[in-house]
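*Asks:* Give me the fold of what follows.
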Amino acid sequence: MSETTVYLDNAATTRISDSVLEAMLPWLREGYGNASSVYSLGRKSAIALNKARAACAEILGCQTREVFFTSGGTESDNTAVFSAASVGREQGKRRIITSAFEHHAVLEPLKRLEKDGFDIVYLPVYREGIVRPADLEAALTPDTALVTVMTVNNETGTVQPAAELAAICAEHKVPFHTDAVQAFGNVPIDLKNVDMMSLSGHKLHAAKGVGLLYVKDGTPFRPYILGGAQQSGRRAGTENIAGIVGLARAMSDAAADMDAKNAKLLPLREKLITALSELPGAMLNGSREKRIASNVNVSFPGKEGETLVLRLDLMGIAVSSGSACTSGSLDPSHVLTAMGLSHDEARSAIRITMSKYTEPADIDALISAMKTIIN
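*Replies:* Numbers count the residues shown, from 1 in each chain. Here you go, the predicted model:
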């Protein structure tokens, strides 16, 4: 097996940037105090925690008290869903609306709630992989406890009309949560009418094991992880200071670099889509226009996506056949089947995702390799 020389699976995880690592190192070495401790080493950690929270809030355009830190996107999603469900249960509301191709960090909690008597409504996403606001409008009822729709799909990169969906929810006074894990740093984030939003550090060149949840002031909230009184009682557990400091730096870098990164990656995306579309049987999955600049998802019916991934790996190129969270599953992607792809079409898909470190030579290498493999 060749050593990976071309990494194109950034939707799964990203490398830690030098600036993030430099920001983290002091808190891994000298600044190891518990932020809840009253002595000076602990107080220094508490100061760093508060500064990082303020920095994240400023970047998001919200109040500092509306941000708290988690272990990542999965915990943030779980927390938002279960909190809204608890509030809904108290109010006699047991309907939750989502899209048919949400991340499993949303879908699995919803499956549990469905067993507990909640009515879960899955909005269609159609062949272009985009939720239609009219479908949400039609699905809303007075007993709706939550609407949760991701901002950018993790497999296809299609951009959802999150702002429009949030506005509809606000009009009907229904809480709206969005998983923005794949969105931040790729598209502008608008928190207007958003009640809760999830982010994850390791998609932004920060470390694994850190994320955040935005909860708008006035949104009823029930903690998911219980224990200590950390983070104003919203999330128990000793804070990951180094990870949190790194997340704040990664968010700052991503916000500052977004336009330049997209200007660099968009031509590479278009070149890749054009080249792969010329291969026998190739089909692009999801809208070509309404997708982030870094994502290309293509099926090659008659081929096996996992086999294509392994063949590319032997050539030193890393891509995926879907979400990293379902790696090893023999089932076709629920995202692609929700979009109307057949079992064979879904199983033949590969996902190619770039980052700010991707260069034209990387795309040229992938195109050359795919021509060899497919032909």
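*Asks:* quick one: low-confidence parts of the stretch 1-150 of the chain?
*Replies:* 1-2 (pLDDT under 70).
*Asks:* Helices of that one, residue ranges please.
*Replies:* Along the stretch 1-150 of the chain, the segments classed as helices by DSSP state H, counting those that start in this stretch run 18-29, 40-60, 73-91, 104-115, 133-139.
*Asks:* neighbours of the closest residue in space to residue 354 that isn't next to it in sequence, just the number please.
*Replies:* Spatially, and ignoring its direct neighbours in sequence, residue 354 is nearest to residue 294 (4.3 Å; Cβ to Cβ, 6 or more residues apart in numbering). To be clear about C-beta, it is placed using only N, CA and C from the backbone, and glycine gets the same treatment. Neighbourhood size, residue 294 [other Cβ atoms under 10 Å]: 26.
*Asks:* Could you do residue 273 as well?
*Replies:* Counted with other Cβ under 10 Å, the neighbours of residue 273 add up to 18.
*Asks:* and it, what is it in contact with?
*Replies:* 284, 288, 296, 298 (Cβ atoms under 8 Å, 6 or more residues apart in numbering).
*Asks:* what's the distance between the third one and residue 289?
*Replies:* Going from residue 296 to residue 289 by Cβ to Cβ, to the nearest Å gives 13 Å.
*Asks:* Could you check which of these two is surrounded by more residues?
*Replies:* A count of neighbours by other Cβ under 10 Å puts residue 296 above the other of residue 296 and residue 289, at 28 against 8.
*Asks:* how far away is the more buried one from residue 18?
*Replies:* For residue 296, the distance to residue 18 equals 27 Å [Cβ to Cβ].
*Asks:* Residue 346 too?
*Replies:* Counting by Cβ to Cβ - residue 346 and residue 18 are separated by 38 Å.
*Asks:* between these two, which one's more packed in?
*Replies:* residue 346 (25 against 9).
*Asks:* does the more buried one belong to a helix or a strand, and which?
*Replies:* helix 343-347 (DSSP states H and E).
*Asks:* how far is the next helix or strand after that helix from where the chain is centred?
*Replies:* Sequence-wise, the next helix or strand downstream of helix 343-347 (DSSP H and E) is strand 349-353. Chain-centre distance of strand 349-353: 16 Å, with Cα atoms, centre = their mean, to the nearest Å.
*Asks:* Stretch 233-246 too?
*Replies:* Worked out by Cα atoms, centre = their mean, stretch 233-246 lies 19 Å from the chain centre.
*Asks:* So which bits of it are buried?
*Replies:* 234, 235, 239, 240, 241, 242, 243, 244, 245, 246 (16 or more other Cβ atoms under 10 Å).
*Asks:* can you give me the end-to-end distance of it?
*Replies:* In stretch 233-246, first residue to last residue: 23 Å (Cα to Cα, to the nearest Å).
*Asks:* could you give the angle of the helix ranked longest in the chain to strand 349-353?
*Replies:* Counting by DSSP state H, the longest helix found in the chain is helix 241-277. Orientation check (axes from the mean of the first three to the mean of the last three Cα atoms, to 10 degrees): helix 241-277 against strand 349-353 gives 120 degrees.
*Asks:* Now do the buried residues in helix 241-277.
*Replies:* Those would be 241-255, 258, 261-262, 264-265, 268-269, 272-273, 275-276, for helix 241-277 by 16+ other Cβ under 10 Å.
*Asks:* same thing with stretch 35-47?
*Replies:* So, applying 16+ other Cβ under 10 Å, buried residues of stretch 35-47: 35, 42, 44, 45, 46.
*Asks:* quick one, what contacts the second one?
*Replies:* Pointing back at residue 42 there. For residue 42, the contact set (Cβ under 8 Å, 6+ apart) comprises 33, 34, 35, 36.
*Asks:* Strands of the stretch 101-250 of the chain, residue ranges please.
*Replies:* Using DSSP state E, counting those that start in this stretch, the strands of the stretch 101-250 of the chain run over 119-123, 144-148, 176-179, 196-200, 211-215.
*Asks:* Please work out which residues outside the second one touch it.
*Replies:* Which is strand 144-148. Identification of contacts with strand 144-148 by Cβ under 8 Å, 6+ apart yields 77, 80-81, 84-85, 87-89, 91, 93-98, 102, 106, 118, 136, 140, 165, 169, 172, 174-179.
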